[in-house]
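S.K.: Need coordinates for the following:
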Amino acid sequence: MTSKDTTPVKVSVITSLYKCERFLESFLECVSAMNNLEQCEFILVHNDPSEKELCILEKYKYGAVNLVHIGVDREGLYCSWNRAIKMARGKYLTIWNVDDIRFEDSICQQVKALDENPTAGIAYGDMYGSSVYGQAGEKLYNFPDWFSHKKEFYRSYLMSCFQMWRRSIHESVGYYDEQFRCVADFDFQVRTALHFPLVKVPKPLGIYLEDQPHKISGDSAQVLENNMVYLRYGVFEKIQLPLLRRSLANYKKKEFLFFGQWKKNPERSPFGYSYILKGIFLSLLKAPVYYGKMIVKNYAK
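M.R.: Okay, here's the model as predicted:
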């Protein structure tokens, strides 16, 4: 299944697929209902595809959706995203996870935001969270505006799972760090915010399926990986010191992994020495609490 090469593309929508039969048909129906299909290509990087999944995709092969389907052996999520980025034709790139639901006008909203803010690197927005697939209203994640909370975007992941960015920013900020399993999008947000403004769209973009066993965001590796992101950018007050040694043993602070190749990390902390020293002090104060939680957790096993 390949792209319709004669179709002009403004937005490349990237989706990594793996064991997705439960969600795939509904996902493709949502894709088909998007307002600006004529502007989009949908790049599906399909990890270890099953026969049932391929049969579902076959039904949409000749429809109105410009699908680009790539079957690959099992690889990391961010390897799949980087693979799609390299082959994308759109001016703008965006993520759409197969188990999340985008609202019909969400891509239009983000395109408009980037068109009207030509210096912005990323367009992001609020989202709903739900523990039931497709059901909204359980929780609204209201993310702060970048212009009034710039420093917080160096400290916390605030873009939701529906970020859209300019393809051109990869020349300045690099790609998704493939050594991570859970937090490369957080790291990518920080790097982008160091170089470009971000812009928030005025409406929620979709529904995020949370608290599910298959979600890698619930993985225990997330704490270790967050530690490394905090260490990279001087957010010491958020580091969990009892786990820092494990973070350093498993991840590289001064290098990124792009397309299987290690690249030097040229970025520096955006914070001054007084902030960093205060953060180290706060981290030391919190350490006994983290150690206590670890002891209780291990005792309860």
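
S.K.: now the helices for the stretch 51-200 of the chain?
M.R.: In the stretch 51-200 of the chain, the helices defined using DSSP state H, counting those that start in this stretch lie at 51-58, 77-87, 106-116, 170-173, 184-195.

S.K.: so which of the ones you listed is the most packed in?
M.R.: Highest mean neighbour count among these (mean count of other CB atoms under 10 Å): helix 184-195, with a mean of 22. All C-beta atoms are positioned from the backbone trio N, CA, C, and that covers glycine.

S.K.: tell me the angle of that helix relative to helix 77-87?
M.R.: Using axes from the mean of the first three to the mean of the last three CA atoms, to 10 degrees, the interaxial angle of helix 184-195 with respect to helix 77-87 works out to 50 degrees.

S.K.: chain center to helix 184-195: distance?
M.R.: Its chain's C-alpha centre lies 10 Å from the corresponding centre of helix 184-195 when counted by CA atoms, centre = their mean, to the nearest Å.

S.K.: ok, now stretch 111-127?
M.R.: The chain centre lies 16 Å from the centre of stretch 111-127; the measure is CA atoms, centre = their mean.

S.K.: Next, the distance between the ends of it.
M.R.: End-to-end span of stretch 111-127 (CA to CA, to the nearest Å): 17 Å.

S.K.: any idea of the mean pLDDT for it?
M.R.: Throughout stretch 111-127, pLDDT has a mean value of 98.

S.K.: show me what contacts the most centrally placed residue in the chain?
M.R.: With distances taken as CA atoms, centre = their mean, the residue of the chain nearest its centroid is Asp185 (3.8 Å). Remark: with contacts taken as CB atoms under 8 Å, 6 or more residues apart in numbering, Asp185 is in contact with 95, 157, 159, 161, 163, 176.

S.K.: Among the residues you listed, name the buried ones.
M.R.: Judged by neighbour count, with 16 or more other CB atoms under 10 Å as the criterion, the buried members of the contacts of Asp185 are 95, 157, 159, 161, 163, 176.

S.K.: will you turn these into CSV that also has pLDDT and distance to Arg89?
M.R.: Output for the buried ones among the contacts of Asp185, formatted as CSV (pLDDT from 0 to 100; distance: CB to CB, whole Å):
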residue, pLDDT, distance to Arg89
Ile95, 97, 16
Tyr157, 97, 28
Met159, 90, 23
Cys161, 93, 23
Gln163, 97, 19
Tyr176, 99, 19
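
S.K.: now, among those, which is nearest to Lys286?
M.R.: Taking CB to CB as the measure, Lys286 lies nearest Tyr157 of these, at 19.7 Å.

S.K.: Find the nearest non-adjacent residue to that closest one, please.
M.R.: Phe186 (4.0 Å; CB to CB, 6 or more residues apart in numbering).
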